[in-house]
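*Asks:* this one's sequence-less:
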């Protein structure tokens, strides 16, 4: 399985402004160009999820017109981090003390008073776990198949002659059962892309600003994680 994390196109906001939850539109022409590029490379059967902020929502509109095989699911947990009272404020005008307080307690401090990095990571991780982590046998196969798995493990001789349930071959034990996951596409923001990079590395909470990835996709760009 691969996860394509796509950043929205150029937003229509002045450079140097702090915006996370601020709902600003993206440039339509740039968004259409991104859709055309994505339509050429995204795999068949991929599942699309999109931030519900308008700078992201326009992209699947164009993309699904080019690729009718795609259906996009709105996903509010993929919105950018909320910077509270600093939304719409120029970064140059944000007090240094506010930035220093965030750096000093990077994971738990609520910069702007609304959302901490730990809270942000937790909601992105929920989507990650749903999309990118293989289900346990009971979830993947249902209770009936999981029960048959247990019988296979505990009573292999009996299962070898059992033709009543044909749910699993005798050699398939519960700890081996994993359904393949479809490729995933997230249409989202720079912060979510950075969070996904950390999650791929097994980092659920970055405890210092130094752990936060410096790089993110450019506007209209993407990264591919996984296979």
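*Replies:* That came through fine. Owing to the predicted nature of the structure, the values given are computational and were not obtained by experimental measurement.
*Asks:* ok, and for stretch 82-93, which residues are buried?
*Replies:* 82-83, 86-87, 89 (16 or more other C-beta atoms under 10 Å). Yep, even glycine has a C-beta here, placed from its N, CA and C like the rest.
*Asks:* and residue 10, how many neighbours?
*Replies:* Summarising burial for residue 10: neighbours were counted as other C-beta atoms under 10 Å, giving 16.
*Asks:* gap between it and residue 221?
*Replies:* Between residue 10 and residue 221 the distance, using C-beta to C-beta, to the nearest Å, works out to 11 Å.
*Asks:* Residue 118 contacts residue 205, doesn't it?
*Replies:* Yes - shown here, residue 118 and residue 205 form a contact pair, counting by C-beta atoms under 8 Å, at 5.2 Å.
*Asks:* Now do the shared contacts for those two.
*Replies:* With contacts defined as C-beta atoms under 8 Å, 6 or more residues apart in numbering, the residues shared by residue 118 and residue 205 are residue 107.
*Asks:* Pull the most distant pair out of the buried residues of stretch 82-93.
*Replies:* Checked with C-beta to C-beta, those reach their widest spread between 82 and 89, with 13.4 Å between them.
*Asks:* hey, where'd the helices end up in the protein?
*Replies:* All helices of the chain, identified by DSSP state H, fall at 28-41, 54-66, 96-104, 117-132, 137-154, 156-160, 190-200.
*Asks:* and these, which is most packed in?
*Replies:* Counting by mean count of other C-beta atoms under 10 Å, helix 190-200 has the highest mean neighbour count of the helices of the chain, with a mean of 22.
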